[in-house]
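*Asks:* Sequence first, predicted model second:
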Amino acid sequence: MTFIQDPLVSCICVTHNNIEFLKKSIACFQHQTYQHKELIVAFSSDNMAASALVDQFQDASVKSLVFSSATPLTLGEKRNLAVRNSGGFYFCVWDDDDWHSVDRISTHVKSLVGTKYQSSILSNVFLYDGNTDEAYLSATRYGWEQTLFCQKSLFEDPAFQYENLERGEDSPLIYKLKKSNRLLTIRQPELYIYVYHGGNTFHRDHWEVNLLQWSTKLSAEQSRLVKRILRSEITMTEASQQLNHILKP
């Protein structure tokens, strides 16, 4: 069991060509209640908009990692390089097209203190379908891959790295962490909104068959609330409180 007071947490954001998603992702990072953190924004050298945005924030904790556009890399390779180039005791997956609660990092850190586990993950998340403007509470899983929080030291073992794949690169890693009893599952769906916007790694049929039909659809009023959160029409602190209220009987 390893314990470090206020460990540095590296949030890993592999971004492509949607600057509005990236803006929201950086804002979620900057509003975290946990302070000892860095955000590694990883992108291709031809993504000038991402480079300019990181510079615009003028935040030393928001850092660029640039891949050469001349050398094609899979998403798995990009994630591995970003983790290797991070400085944290932990790394935290920080997908740019989703929404992260202000307490996401602090909750993971606190949950692991005093346990035998080296990683944690959410068993449930909120889902938002941008096609229909409908929100859902997800079914329970042993882990939603995009919410992984993990000790970087595990990456020294090639078995605990992302697969060299363009999609589905994260599922084998989560399975190995679970099978080796290194993964703590947390049920706090108010920490995360997983968004379908049409340009996701997995296409519409995957969402409908594997995600939405197994989830609980929220009311029209609750769906409007989730939409307002994603549009930044509610402060991030209030947004977390409102999502938590949805979960109460």
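*Replies:* Alright, I've got the coordinates.
*Asks:* ok, then the element right after the lengthiest strand in the chain?
*Replies:* Criterion DSSP state E: the longest strand present in the chain is strand 37-44. Sequence order places helix 48-57 as the next helix or strand after strand 37-44, per DSSP states H and E.
*Asks:* now the following helix or strand past that next one, how far from the centre of its chain.
*Replies:* Downstream of helix 48-57, the next assigned helix or strand under DSSP H and E is strand 62-67. Relative to its chain's centre, strand 62-67 lies at 17 Å (Cα atoms, centre = their mean, to the nearest Å).
*Asks:* Check which helices and strands strand 62-67 sits against.
*Replies:* helix 19-30, strand 37-44, helix 48-57, helix 75-84 (3 or more Cβ pairs under 8 Å, 6 or more residues apart in numbering; DSSP states H and E). C-beta here means a position set from N, CA and C on the backbone, and glycine is covered the same way.
*Asks:* give me every residue that touches residue 19.
*Replies:* Applying Cβ atoms under 8 Å, 6 or more residues apart in numbering, we find residue 19 in contact with 49-50, 53.
*Asks:* Mind picking the one among these that's closest to residue 176?
*Replies:* Checking those against residue 176 by Cβ to Cβ gives residue 50 as the nearest, at 30.9 Å.
*Asks:* hang on, isn't that closest one packed against residue 22?
*Replies:* Yes. With contact defined as Cβ atoms under 8 Å, residue 50 reaches residue 22; the gap is 6.0 Å.
*Asks:* anything in contact with each of the two?
*Replies:* Common contacts of residue 50 and residue 22 (Cβ under 8 Å, 6+ apart): 15, 41.
*Asks:* Burial-wise, tell me which of the helices and strands packed on strand 62-67 comes out on top.
*Replies:* Counting by mean count of other Cβ atoms under 10 Å, strand 37-44 has the highest mean neighbour count of the helices and strands packed on strand 62-67, with a mean of 23.
*Asks:* Need the nearest residue in space to residue 189, chain neighbours excluded.
*Replies:* With sequence-adjacent residues excluded and distances taken as Cβ to Cβ, 6 or more residues apart in numbering, residue 189 is closest to residue 124, at 4.0 Å.
*Asks:* and that neighbour, how many neighbours?
*Replies:* 23 (other Cβ atoms under 10 Å).
*Asks:* From residue 246, how far out is it?
*Replies:* 12 Å (Cβ to Cβ, to the nearest Å).
*Asks:* quick one: common contacting residues for those two?
*Replies:* Taking Cβ under 8 Å, 6+ apart as the criterion, residue 124 and residue 246 both touch residue 137.
*Asks:* next SSE after the lowest-mean-pLDDT helix or strand in the chain?
*Replies:* One helix or strand of the chain scores below all others by mean pLDDT, DSSP states H and E: helix 204-206, with a mean of 68. From helix 204-206 onward toward the C-terminus, using DSSP H and E, the following helix or strand is strand 216-217.
*Asks:* Paired strands for that next one, with orientation please.
*Replies:* Strand 216-217 pairs in its sheet with strand 134-137 (antiparallel), by DSSP bridges.
*Asks:* For residue 10, see how far away the residue positioned nearest the centre of the chain is.
*Replies:* The chain has residue 94 as the residue nearest its centroid, 3.4 Å off, counting by Cα atoms, centre = their mean. Distance, residue 94 to residue 10, using Cβ to Cβ: 9 Å.
*Asks:* With residue 52 instead?
*Replies:* From residue 52 over to residue 10 (counting by Cβ to Cβ), the distance is 22 Å.
*Asks:* Please apply the same query to residue 151.
*Replies:* 11 Å.
*Asks:* which residues do the two both contact?
*Replies:* In contact with both residue 151 and residue 10: residue 90, using Cβ under 8 Å, 6+ apart.
*Asks:* ok, those two, which is more surrounded?
*Replies:* With neighbours defined as other Cβ under 10 Å, residue 151 and residue 10 compare such that residue 10 has more, 22 against 19.
*Asks:* does the more buried one count as helix, strand or coil?
*Replies:* Following DSSP: H, G, I helix; E, B strand; the rest coil, we place residue 10 in the strand state.
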